[in-house]
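Undergrad: okay, here's the prediction I keep looking at, along with the sequence it came from:
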Amino acid sequence: MTISREVVEAEDATLIERSLNEPEIFAVLFDRHAPLLHRYVSRRLGPNEAEDVVADTFLAAFQRRGDYDPGRSDARPWLYGIASNVIGKRRRTETSLYRAYIRSGVHPGEIAPPQVEDGINTLAVNRPLARALLRLKRADRDVLLLVAWAELNYQEVADALGIPLGTVGSRLNRARIQIRQALKEPALEEGERRWTR
């Protein structure tokens with residue numbers, strides 16, 4: 001099937017609504033958002049897990065597309081919310097990634113063939129950031145990384161996580177304070193363990 005220019009340029013809400021009768025149109029939504037979603041998940045879980053998480057995210061989105069709020073033209077918050085839930089189910093993988101990075105100093109995404117990462121604003125920048133992220137509560141880490149890495153605004157994060165706008169602000173503030181404090185601490189000695197959450 002050839003997808004028309006009109007469909008390719010349509011808002012996300014329109015695509016989702018049309019996909020209820022023409023399921024193949026959902027592929028346009030995938031093509032539009034999967035690359036950035038993959039980049040975000042790669043930063044959180046590494047490139048090996050990213051493929052599965054993105055696939056699971058779009059499968060869940062496709063299955064729930066009938067519940068999508070057509071008043072929301074941009075599906076990014078919805079998709080990142082689904083991805084955050086899928087990532088949450090793989091918390092141990094995320095924790096392991098941070099710990100491996102802290103030990104080795106090499107982000108696992110850099111070991112594989114060239115990936116979508118550019119090395120800027122990622123764990124590849126430094127071990128202290130990985131250590132600080134590891135210490136955050138999952139809810140605070142989700143908010144911080146949706147703002148910093150997925151580049152969602154506060155309202156979009158609130159929509160993605162299904163939380164009030166004020167909660168986004170308080171979680172983000174708490175996460176920023178904890179990150180700043182952690183980055184001021186001297187580096188931990190090799191073998192010293194201070195991981196929480």
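TA: Good, I have the coordinates.
Undergrad: I'd say residue 44 and residue 94 touch.
TA: Yes. Checked against C-beta atoms under 8 Å, the pair residue 44 and residue 94 is within contact range at 5.7 Å. All C-beta atoms are positioned from the backbone trio N, CA, C, and that covers glycine.
Undergrad: what is in contact with those two at once?
TA: With C-beta atoms under 8 Å, 6 or more residues apart in numbering applied, the overlap between the contact sets of residue 44 and residue 94 consists of residue 87.
Undergrad: list the buried residues for whatever helix or strand residue 182 lives in?
TA: If you go by DSSP states H and E, residue 182 is part of helix 165-184. For helix 165-184, the buried set under the neighbour-count rule, 16 or more other C-beta atoms under 10 Å, comprises 167, 168, 171, 172, 174, 175, 178, 179, 182.
Undergrad: do you know how far residue 165 is from residue 79?
TA: According to C-beta to C-beta, to the nearest Å, residue 165 stands 19 Å off from residue 79.
Undergrad: swap in residue 157?
TA: On the measure of C-beta to C-beta, residue 157 and residue 79 end up 13 Å apart.
Undergrad: what do you get for residue 24?
TA: As it turns out, when the distance is counted by C-beta to C-beta, residue 24 lies 18 Å from residue 79.
Undergrad: between the two, which is the more surrounded one?
TA: In this comparison of residue 24 against residue 79, neighbours counted by other C-beta atoms under 10 Å, the higher total goes to residue 79 at 26 against 11.
Undergrad: OK, contacts around that one?
TA: 33, 37, 57, 58, 61 are the contacts of residue 79 under C-beta under 8 Å, 6+ apart.
Undergrad: pLDDT on the strand or helix carrying residue 79, on average?
TA: Here residue 79, judged by DSSP H and E, is contained in helix 76-88. Looking at helix 76-88 alone, the average pLDDT works out to 95.
Undergrad: buried set for that helix?
TA: Taking 16+ other C-beta under 10 Å as the basis for neighbour counts, the residues of helix 76-88 that come out buried are 76, 77, 78, 79, 80, 81, 82, 83, 84, 85, 86, 87.
Undergrad: same question for stretch 60-77.
TA: Residues of stretch 60-77 classed as buried under the neighbour-count rule (16+ other C-beta under 10 Å) are 61, 62, 65, 68, 72, 75, 76, 77.
Undergrad: could you dump those residues to TSV with distance to residue 15?
TA: Written out in TSV, the entries for these read as follows (distance: C-beta to C-beta, whole Å):
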residue	distance to residue 15
61	11
62	12
65	9
68	10
72	12
75	8
76	13
77	15
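Undergrad: and the next element down the chain from the helix or strand bottoming out on mean pLDDT in the chain?
TA: One helix or strand of the chain scores below all others by mean pLDDT, DSSP states H and E: helix 108-111, with a mean of 51. Next helix or strand after helix 108-111 toward the C-terminus (DSSP H and E): helix 127-135.
Undergrad: and residue 102, how many neighbours does it have?
TA: Applying the criterion other C-beta under 10 Å, we find 19 residues in the vicinity of residue 102.
Undergrad: cool, and residue 51?
TA: Counted by other C-beta under 10 Å, the residues lying close to residue 51 total 12.
Undergrad: no further questions, thank you.
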